[in-house]
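> sharing a sequence plus its predicted fold:
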2 protein chains.
Amino acid sequence: MKTRDKILLSSLELFNERGERNVTTNHIAAHLAISPGNLYYHFRNKSDIIYEIFLEYEKLVDYYLQIPDDRQLTVEDMTFYLESVFDGLWSYRFFHRDLEFLLDSDERLRRDYRDFTNRCLAAIDRIFEGLAAGGVIQPQPAELRGAMSLNVWLVITNWMAFLKTAHATELSTSLTLAELKQGIYQVLTLELPYLTPQYRDAVMAIRERYRPELPSVDERS
Amino acid sequence: MKTRDKILLSSLELFNERGERNVTTNHIAAHLAISPGNLYYHFRNKSDIIYEIFLEYEKLVDYYLQIPDDRQLTVEDMTFYLESVFDGLWSYRFFHRDLEFLLDSDERLRRDYRDFTNRCLAAIDRIFEGLAAGGVIQPQPAELRGAMSLNVWLVITNWMAFLKTAHATELSTSLTLAELKQGIYQVLTLELPYLTPQYRDAVMAIRERYRPELPSVDERS
DNA sequence: GTATTATTAGAGTATATACTCTAGGGAGTC
DNA sequence: GACTCCCTAGAGTATATACTCTAATAATAC
């Protein structure tokens, strides 16, 4: 593998593990057993590395969120979208952690991320439309659908932070993909009241598969 | 005002403005026109400053989220809770930004914040119960109520990040409290399907007051 | 007044971090 | 062999950052 690609891969790995803030360019070089000079031969600075990783992330999610316009959407489509998005979130999980700082220090990234968010929101909206056309959820006015899509986005992008900050036990048990995917339970909770009678049970059953093993609210405090 | 309190106040102000990551102890001292030595006479380290600010935040939100157990809850109560929580979020808005790093570097804070989250979740849950008792929303099984409460929490705590990252225009227009409170629109969107017929219009009217002036999803991309 | 304690200034330090610079190795081409 | 181009090593640097240390001053108690 080319050194350049190894740098991107190692960076992503270290960022995900320790958080971008805790990973320096020297760490990355050391982890690869290459010199800092070598790293800086391939990338002008740390921001460039992060930006390239973002481009990969963006590409992946855009790919996942492709929406067929020649047919309605099914419950299976919905499950696939959810699984895919959470897979993407997992693979690039460092990204949403220090998001605000990253965007503050790189204008390209700020612009691109804003557009990315809006594309995601539009995709979620179209998915709801497709599911309504497919008879899975009841059709809703565009206004409400837009607000619902935004709530879905907010829940998805905040679920990881919630797990890491609230669910964290005394042990520094590291997060697993399975735990992350319990966020699907929360997203499906949003949809529950809008399901059509004929698909309600099916979706409830899927939702049940992702039920978190968190203590209930009563036991929590 | 005591120097100690001035340090806390200035720190909060600078953290909110620039983000904790961009504010050093030297900045804080310079901003107050005191020496670093003076600052470190009052606080052992930066983490201690942040921890004390968190304690204030915690106290404020706990105060806001007190729930009367001798009566049902009204729509006015609900509005008050939402306004208050967003006020608190605004006053300590730096906190949720670098949350994960802050918790990583301070175990006290990690524990306390986890408990704080769980208290908030329990409070939201009880508010839903109270609103159901007051006939504002339809009663729901505890399981669903818990999941809904969690979604409310996720939407509230992520709304600010969304505004800063997605809504941000080219201009570095700084966020306003009014914009932040548009998050109430999103929270009320979550409640919509559960409202009782007799309160539906009232809550919809309140929701309308917070409608964001964002472009709709269609215009966005 | 004097002793004690609380507060402050400000220079200074150890460490980290992002990044630079120069020299050179290796592979291919002529 | 010599030239070129891509890549790499590794020492080094400027700056920032959290924090320390000492001495001095203000406040308070007796």
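Okay, I see it.

> and the pLDDT for the most centrally placed residue in chain A?
Nearest to the geometric centre of chain A sits A:Leu89, at 2.9 Å (CA atoms, centre = their mean). Here the pLDDT value assigned to A:Leu89 is 98.

> hmm, it is touching A:Met160, no?
Yes - in terms of CB atoms under 8 Å, A:Leu89 counts as a neighbour of A:Met160; the distance is 6.5 Å. C-beta here means a position set from N, CA and C on the backbone, and glycine is covered the same way.

> tell me which helix or strand comes right after the strand or helix carrying A:Asp5.
Assessed by DSSP states H and E, A:Asp5 sits inside helix A:3-18. Going down the chain from helix A:3-18, the next helix or strand is helix A:25-32, by DSSP H and E.

> would you mark the buried spots in that following helix?
A:25, A:28-29, A:32 (16 or more other CB atoms under 10 Å in any protein chain shown).

> and that helix, what does it pack onto?
On a contact count with 3 or more CB pairs under 8 Å, 6 or more residues apart in numbering or on different chains; DSSP states H and E, helix A:25-32 meets helix A:3-18, helix A:36-42, helix A:46-64.

> touching the helix or strand harbouring A:Gly88 from outside, list them.
Using DSSP H and E, A:Gly88 sits within helix A:75-91. With CB atoms under 8 Å, 6 or more residues apart in numbering or on different chains as the test, helix A:75-91 has contacts from A:12, A:16, A:57, A:60-61, A:64-65, A:96, A:127, A:130-131, A:134, A:136, A:156-157, A:160, A:177, A:180-181, A:183-184, A:187-188, A:199, A:202-203, A:206.

> which SSE is immediately downstream of it?
Following helix A:75-91 toward the C-terminus (DSSP H and E): helix A:99-104.

> run the chain-centre distance for the following helix or strand past that following helix.
Following helix A:99-104 in sequence order, the next helix or strand is helix A:107-133 (DSSP H and E). Using CA atoms, centre = their mean, to the nearest Å, the distance from the centre of helix A:107-133 to the centre of the chain it belongs to is 12 Å.

> one step back: tell me the buried residues in the helix holding A:Gly88?
Using 16+ other CB under 10 Å as the test for burial, helix A:75-91 gives A:75, A:77-79, A:81-82, A:85-91.

> so which of those comes closest to A:Arg145?
Nearest to A:Arg145, judged by CB to CB, of the buried residues of helix A:75-91 is A:Met78 at 14.7 Å.

> against A:Val203, how distant is that closest one?
According to CB to CB, to the nearest Å, A:Met78 and A:Val203 sit 8 Å apart.

> which residues are in contact with each of these two?
Jointly contacting A:Met78 and A:Val203 under the rule CB under 8 Å, 6+ apart are A:Val136.

> can you pull the contacts of A:Asn151?
A:190, B:151, B:155, B:186, B:189-190.

> done for today, thanks.
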